[in-house]
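Q: dropping the sequence and predicted coords here.
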Amino acid sequence: MSGWAVWLARGLRVLGLAAVVAAVWWGASWSLLTGVVGGALLALSVTILPALRAWGSRRDWLPPADFTHTLDLLRRANGAVCAWAIGLEEGELEVSGDAHVHKDHLRRGSALVQLASVDGRSHVARADEGTYVAAGDFPYGAGLLLLQPDASTELAEGVVADLRRFVATLRLAELKTADAQHQNIARRLAVITGGAQTLEAIARAGAELAQHLAERGAVVVLTEAATQSARVVACSTAADRRLQGLVLPVTAPVVRAIQTGVPVASQRSDDIFGPGMPERRRQERVGVAYPLVDGHFTVGALVLLGPTIAANAAAAEQIGRLVVELGPRLAAARAVHEAEERAILDPLTGLRNRREFEKTFDEERLSREGGAAGVREPGTLIYVDLDHFKALNDSLGHAAGDSALRHVSGILQAQVRDVDMVARIGGEEFAVWLPRAPLEQGMEIAERMRRAVESSVWRWSGTPYPMTASCGVAAYPETVRDINNLRSAADAALYRAKQAGRNRVEKGRSGD
């Protein structure tokens, strides 16, 4: 509160006391009036100080929310031992209901929250000390350590929902900084993106800021040069999550906005994202698509759900500025993203390339060599080779051969887990690395791949062509004792499969 307000309150208090004393001293007939005036001045002096302080606080904006207290309430509500939150300007928060929590448990929970803040996913890890649950949305993240070592899936999902709401609160609350009403959109976008570098993280930040400005759900759509399509890459918390990853039909109003460079609003019964999700409610289909432009190129669109914002509304001007700022940021992030993908992905199939496979395999090899004595974590390597591919390529042409390779790549990728890796390491040769998978499991997956390739229908110019594949499987430590020999063992097994008539699976031998 300013100094003049303090002195005013003190002055009124002195005058009020003086008036009351005079009334008592003189005892005159008009002393009642003097007492009333004095009492009024006293009351005013008592009330004016808090009132002016409150007025001054409104001018300076409210102090930041007590996130530590809120996080502790969230911990207590879920019966958790510890809670973490990261991404705030004030630094990482950590609250605990037990002063004797082991430091390793604290580090483990903090690391899981860090991971959730980066990849934007929920994570559940069950351990002897309890169940760790974390959720994030870059750069924010939050997590709890539940008492139950084997918390049920239903319980974990409920905690994840609570954490996601808390993370959304962190993002929006930090926007209301002291000068939030006066700072420009460029600064606000920079604040909300924080250190985000990934394309998805920046798109999510833009969607959340748009939701905050317009008070409605927002979605970011980007074009994909490789497929000449438009795909939803980010949804704000108020938008339908089922839209995430949706590839839009060419007839969608959003695509029309991208093609013409002019904002487009859905009309009548049209869905702003086009047909494809008829179960969505009518009010969720209405929206306005604003093209996101970088120079002379349109990179995508920002979509606001709901009716069109009035042109003279304050939010309309703010959204316009956000669109201008967001386009170049997304274009720059996409350029970095595409460069990174070119370094690790095979351009034809979209699988990992040979270089990335060798790098990943070497990292796995070094981690096992540096592991604890006597601990041999299993791993299985599968080499897959298409049978008679050269004959197909020569007779139908290279375009047909490329189509066949893409077809098989999709089949192989569909047979593995998220932690597994499928790479194209040669013309028609693929490598499949299965970490922590023993030989028996690797043989089952290889056989499943072989059957899937054999039973699939690949067509060229409308004509179906049969395809088969041979597989060689080697596992550590069952097939080889030295992991450095795993690749040669898998290669030898693949050679035997080819020699034995193709379209079969062979496993490595200890002598390979």
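A: Sure, I can see it.
Q: tell me where the stretch 401-512 of the chain has strands.
A: 421-424, 429-435, 458-460, 463-465, 469-476, 505-507 (DSSP state E, counting those that start in this stretch).
Q: I misspoke; the intended subject was the stretch 101-250 of the chain.
A: Using DSSP E, counting those that start in this stretch, strands in the stretch 101-250 of the chain cover 123-127, 130-137, 140-146, 218-224, 229-235, 247-248.
Q: contact partners of the shortest one?
A: Read it as strand 247-248. Applying C-beta atoms under 8 Å, 6 or more residues apart in numbering, the contact partners of strand 247-248 are 221, 227, 229-232, 254-255, 273-274, 276. Yep, even glycine has a C-beta here, placed from its N, CA and C like the rest.
Q: what is the least confident helix or strand in the chain?
A: The helix or strand of the chain with the poorest confidence is helix 31-59; it has a mean of 44 (mean pLDDT, DSSP states H and E).
Q: my guess is residue 425 contacts residue 355. True?
A: No: look at residue 425 against residue 355 with C-beta atoms under 8 Å: they stay out of range, at 9.4 Å.
Q: quick one, which of the two is more surrounded?
A: It is residue 425, of residue 425 and residue 355, that has more neighbours when counted by other C-beta atoms under 10 Å, with 19 against 13.
Q: tell me how far that one lies from residue 251.
A: 40 Å (C-beta to C-beta, to the nearest Å).
Q: residue 493 too?
A: Taken as C-beta to C-beta, the span from residue 493 to residue 251 is 50 Å.
Q: neighbour-wise, which of those two wins?
A: Taking neighbours as other C-beta under 10 Å, residue 493 and residue 251 compare with residue 493 leading, 25 against 10.
Q: need the contact list for that one.
A: Counting by C-beta under 8 Å, 6+ apart, residue 493 has contacts 383, 471-474, 506-509, 512.
Q: how about 10 Å then?
A: Residues near residue 493 by C-beta atoms under 10 Å, 6 or more residues apart in numbering: 381-383, 446, 470-474, 479, 505-509, 512.
Q: what subset of those is buried?
A: 381-383, 446, 470-474, 479, 505-508, 512 (16 or more other C-beta atoms under 10 Å).
Q: name the SS class of the closest residue to residue 344 other than its chain neighbours, please.
A: Leaving aside its chain neighbours, residue 344 sits nearest to residue 356 (4.2 Å; criterion: C-beta to C-beta, 6 or more residues apart in numbering). Classification of residue 356 by DSSP: H, G, I helix; E, B strand; the rest coil places it in helix.
Q: so which residue is smack in the middle of this structure?
A: residue 120 (2.7 Å; C-alpha atoms, centre = their mean).
Q: what's the pLDDT at that residue?
A: Note on residue 120: pLDDT of 80.
Q: for residue 244, see how far away it is.
A: Residue 120 is 10 Å from residue 244, by C-beta to C-beta.
Q: next secondary structure after the least confident helix or strand of the chain?
A: Moving toward the C-terminus from helix 31-59, the next helix or strand (DSSP states H and E) is helix 67-77.
Q: picking up where we left off before, which of the contacts of strand 247-248 count as buried?
A: 221, 230, 232, 254-255, 273-274.
Q: using JSON lines, lay out those together with distance to residue 308 and pLDDT.
A: Below are these laid out as JSON lines (distance: C-beta to C-beta, whole Å; pLDDT from 0 to 100):
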{"residue": "221", "distance to residue 308": "18", "pLDDT": "95"}
{"residue": "230", "distance to residue 308": "21", "pLDDT": "92"}
{"residue": "232", "distance to residue 308": "20", "pLDDT": "94"}
{"residue": "254", "distance to residue 308": "15", "pLDDT": "93"}
{"residue": "255", "distance to residue 308": "19", "pLDDT": "93"}
{"residue": "273", "distance to residue 308": "16", "pLDDT": "91"}
{"residue": "274", "distance to residue 308": "19", "pLDDT": "87"}
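Q: many thanks, have a good one.
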